[in-house]
Structure formats: C-alpha cells, structure tokens
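Trainee: need the 3D shape of this:
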Amino acid sequence: MTERRNGVFRLSCAAAYMPLFFAARDSGNGIDGLAAILLLISVVVFLFSIKILFSVPGVRRKEQIKIEEKKCKAEALMKTAEQSIKEADYKWSLRAAAIENEVSQKFNKKVADAVKDKELQIKNREQKVETERKEVRDFIMSIRGASPAWIARAITDYEYLRYDTELNWSCYSTVRDYISSLRSANRERRREMYLAMYKCLYYESLFPGLLDYADDEVPNAATSPVPEKTTEKDWLSDEEYARLSSTEKSQLALDRYIGSHNKSKWQIGRDYELYIGHCYRRKDFQVEHIGMEKKLADMGRDLICRSDPLSSSPETHIVQCKYWSKEKLIHEKHVMQLFGTTVEYAFAHGIELTNGRLPARLKPVLITSTRLSDMARHFAVALGVQYHENIGLPEDVASFPRIKCNKSSGIFHLPFDEQYDVTKIVPSEGDCFCVTVAEAESKGFRRARRFYTLPRSSQSVPPT
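Mentor: I've put the predicted structure just below:
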C-alpha cells in the first residue's frame with residue numbers, strides 16, 4: 001500500500017511540473033495568458049494529487065472497519081447458533097432419557113408381572129404333580145405282599161409315563177433319537193434309585209435297629225466304587241514328559257501320586273491296605289489283597305494274611321481295614337460282619353469250630369485309624385475278634401512299597417496303571433513289591449506298556 005501511494009505522489013508531481021516547464025520555456029521574460037493557464041492547471045493537478053494521496057488510506061481503513069464489523073457480527077451469530085444448538089441438544093437428551101426411563105419402567109413392570117405369573121403357574125403345577133405322585137406312591141405302597149423290586153418298577157413306570165405325556169416332541173424333532181436315548185437312560189437310573197430306596201425302607205422295617213446307625217459313618221474307602229484312573233501324563237507337565245527319561249518320568253509321577261492330597265476315597269483306602277499288608281509281610285506273613293482285587297465282592301475281607309505253614313503254630317488272619325475320620329466310631333455291626341465272614345471262610349476251607357468258637361489258628365482282626373465304641377469292644381471280646389485302634393498311615397507315606405512287580409510277565413505296575421489292582425503278588429513265585437522305579441528295574445522288571453488312556457478332559461465326567 002505504501003509503495004502504491006509513493007507512485008501516485010511521484011506521478012502527480014510530474015504532472016504538475018510539466019505545465020510549469022512548458023510555461024517557463026514559452027514565456028520568455030514574462031508570463032502571458034497561456035503561461036498563466038498552464039500554471040493554474042499545474043496547481044490544480046498538484047492539489048488533486050495531494051487529495052488523492054491522503055484520501056486513499058482513509059477509504060481503505062473504512063472498508064477494513066466495515067469488514068471487521070461484519071466478521072464480528074458473523075461470529076456473534078455463530079456463537080448464538082451454537083449455544084442454541086447445545087441448549088436444544090440438552091433439552092432433547094433430557095427428554096429422551098425421560099422417555100427411555102419411562103419405557104424401561106413399563107417394560108420391567110410387564111416382565112416382572114409375567115415372571116411372577118409364570119412362577120405362580122410353575123408352583124401350582126409342581127404342587128399338583130407332587131400331590132399326584134404322593135397319591136400314586138401311597139397307593140402302590142399300600143399293595144400288600146409287593147416286593148421292593150416290584151414297587152421300584154411300578155414307580156419308575158409311572159414316572160416314565162408322566163414324563164412321556166408332558167414332553168413336547170415338536171420341540172425336539174431334529175434330535176429325537178438323542179432324546180429317546182436320554183429317556184431310556186433316565187428310566188433305568190430312576191428304577192435303580194427307587195429299587196435302592198425301597199430296599200432300604202424294607203430293611204429298616206424288618207430291622208428297626210438300623211435306624212440307630214443312619215448317617216453315623218463315612219463309607220469305607222476300600223469298598224467305594226473304583227474311581228476314574230489316571231495316566232503318567234496327569235502327574236507331569238508337558239515339558240517334563242518330553243524332557244525326562246522313562247525311569248525319571250515314572251518315579252516323578254509316583255512321587256507326586258504318593259504326596260497328593262487330592263486322592264479319592266478308594267485310593268486312600270487302598271494305600272491303607274497296602275501299608276497294613278506291608279506290616280504283615282515284615283512279620284513273615286503271606287498277604288493276599290482281597291479288597292483291592294475283588295472290590296465290592298470281597299465279603300468284608302480286605303486282607304488274608306497267612307504265617308509260615310511250616311512253623312509250630314501257623315495262623316491265618318482275616319483282616320478288615322477301616323481308614324476313617326477320627327471323629328467316627330466303629331460300631332458292633334462291623335465286628336459282627338468280620339466275625340461272620342471269618343466263620344464263612346472257616347466253613348469254606350474245612351476248618352471246624354469248637355463250641356461255636358473259632359480255632360486259635362484262624363483269627364479275625366479289625367484294624368482302624370479311629371476307635372471302637374464300647375459296645376463294639378464288648379462284642380469283639382465276646383466273639384474273639386482282635387482289634388487295633390488308632391493305627392494310621394506313617395508320616396513318611398513313601399516309606400512302604402507300592403510298586404507291584406510280577407515275575408511271570410517281567411513287568412512292574414504303578415498305582416495308577418490299569419492292571420495294578422488285579423495284579424497278584426505271590427512272593428513264592430518271585431513276585432515282589434518295590435519302593436522305587438530304579439529298584440524295580442534293577443531286579444529285571446520293566447514298566448507296563450498298557451496304560452489307562454482316558455483323556456484328561458473326560459476324567460471328571462461320570463460314566464453314563
């Protein structure tokens with residue numbers, strides 16, 4: 001802008017100077033009329049140039065002021081518009097929240113009412129079904145001369161028919177076969193459940209004294225159902241299983257099994273039987289693990305221990321092991337059961353009783369980790385049953401051997417191997433127990449190749 005004004009000023013000065021130059025040249029010694037006119041023109045041009053010079057910045061300034069005013073007005077309008085939009089958004093958000101809250105309350109009320117009505121319907125239905133069940137069961141139980149098996153079958157058939165009539169098959173048309181198999185399995189389980197329940201009721205009606213012992217004991221671990229077995233891999237990490245040698249893997253798995261606090265009742269009871277059998281073997285008895293091999297068919301005989309038949313007074317001990325909680329008591333029924341199974345053993349082996357008493361060479365022995373009740377002690381003395389109380393597992397649980405070594409096959413079995421329980425150890429035939437895997441291998445035995453192959457993911461799933 002400054003350069004432009006300087007150029008205009010120079011041009012004006014030149015325009016004013018030119019008339020003066022020509023007037024001075026033509027006038028000679030004086031100024032005539034033409035020179036006066038040129039001089040007047042020069043003055044006018046000069047004054048006009050001065051006006052233009054000083055008027056241009058003023059015009060520009062006014063234009064800038066007008067532009068700034070318009071810009072300020074536009075910014076004020078934009079701020080006002082933004083404020084209006086924010087206020088409108090806030091009002092609409094409040095309105096939307098109020099509408100949403102109102103709709104949510106109405107919906108929740110409808111859902112709550114529907115749930116309450118459905119729960120009432122279900123409750124009424126359950127009461128009706130339970131009343132019907134009670135009437136049917138009472139009617140079946142009132143039939144004289146009915147056996148527990150017949151009663152269980154009748155109850156199962158009734159439950160099956162009721163279930164079949166209530167099932168909406170249209171919902172399961174694509175899985176009909178699967179539903180049918182579930183119904184069959186469910187029917188069989190119900191039959192077994194009712195059979196066991198009504199057998200108990202029948203036995204309690206015949207022997208009311210059984211009620212005195214209801215819920216007073218923990219089931220004997222040695223006669224519990226066989227648990228799901230594990231493999232060597234279950235005691236080792238993947239890295240250990242890949243890195244260690246065969247001997248190291250077997251020994252580490254055995255050590256962790258022995259020190260585990262998550263054993264089943266069956267495994268704990270089996271360890272107790274192994275320890276008691278080990279104590280008998282240290283006294284030169286030949287030990288037969290009946291409870292481990294025959295399980296529920298052991299007739300209450302966990303161990304049969306025989307002393308040297310060539311000794312002056314050979315003995316046979318029928319041993320029952322009870323590894324129970326310290327708070328529980330052994331009652332007289334267990335003493336009588338042990339005495340009864342010993343008498344049966346005597347009859348089966350041609351051993352005669354003298355005046356109804358067992359001979360000295362055949363002794364029933366009850367060994368337990370807890371105590372006997374006073375009545376149980378009285379029965380034990382009267383029947384000639386030896387008993388040993390408070391005999392627990394040693395503090396060093398690895399101090400007695402658990403590895404079974406079979407001479408005929410040349411292999412050894414660890415406690416979690418498939419054939420461990422059914423493998424008999426007969427020392428006279430070269431069989432033995434070992435404490436460590438290295439000891440078993442040093443005697444010429446190798447690890448059993450047939451392991452239990454149940455996948456880890458299915459070990460916690462009960463069999464169907």
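
Trainee: any idea how far the residue nearest to residue 326 when sequence neighbours are not counted lies from residue 200?
Mentor: Spatial nearest neighbour of residue 326, excluding adjacent residues (Cβ to Cβ, 6 or more residues apart in numbering): residue 370 at 5.5 Å. All C-beta spots, glycine's among them, are computed from the backbone N, C-alpha and C. According to Cβ to Cβ, to the nearest Å, residue 370 and residue 200 sit 25 Å apart.

Trainee: go on, residue 308?
Mentor: 45 Å.

Trainee: what does residue 361 give?
Mentor: Residue 361 is 38 Å from residue 200, by Cβ to Cβ.

Trainee: quick one on the thing from earlier: the more surrounded of residue 370 and residue 200?
Mentor: Taking neighbours as other Cβ atoms under 10 Å, residue 370 and residue 200 compare with residue 370 leading, 19 against 13.

Trainee: max-length helix in this structure?
Mentor: As assigned by DSSP state H, the longest helix anywhere in the chain is helix 33-141.

Trainee: so residue 404 lies in a strand, does it not?
Mentor: Yes. Counting by DSSP: H, G, I helix; E, B strand; the rest coil, residue 404 falls inside a strand.

Trainee: wait, doesn't it sit right on residue 423?
Mentor: Yes. Because the distance of 5.0 Å satisfies Cβ atoms under 8 Å, residue 404 is recorded as touching residue 423.

Trainee: nearest residue to residue 344 in space, ignoring adjacent ones along the chain?
Mentor: residue 299 (7.0 Å).

Trainee: tell me who's in contact with that neighbour.
Mentor: 290, 341, 344 (Cβ atoms under 8 Å, 6 or more residues apart in numbering).

Trainee: make JSON lines out of those and add distance to residue 384.
Mentor: Below are those laid out as JSON lines (distance: Cβ to Cβ, whole Å):
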{"residue": "290", "distance to residue 384": "21"}
{"residue": "341", "distance to residue 384": "14"}
{"residue": "344", "distance to residue 384": "16"}
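
Trainee: which residues in the stretch 201-350 of the chain form strands?
Mentor: Secondary structure of the stretch 201-350 of the chain by DSSP state E, counting those that start in this stretch: the strands cover 286-289, 303-306, 316-322, 329-330.

Trainee: out of the ones you listed, which is closest to residue 429?
Mentor: With distances scored as Cβ to Cβ, the stretch of the strands of the stretch 201-350 of the chain nearest to residue 429 is strand 286-289 (11.2 Å).

Trainee: direction included, what does that closest one pair against?
Mentor: strand 303-306 (antiparallel) (DSSP bridges).

Trainee: quick check, residue 293 in contact with residue 420.
Mentor: No. Counting by Cβ under 8 Å, residue 293 stays clear of residue 420, with 10.4 Å between them.

Trainee: neighbour count winner among the two?
Mentor: The neighbour comparison of residue 293 against residue 420 (other Cβ under 10 Å) goes to residue 420, with 19 against 13.

Trainee: sweet, I'm off.
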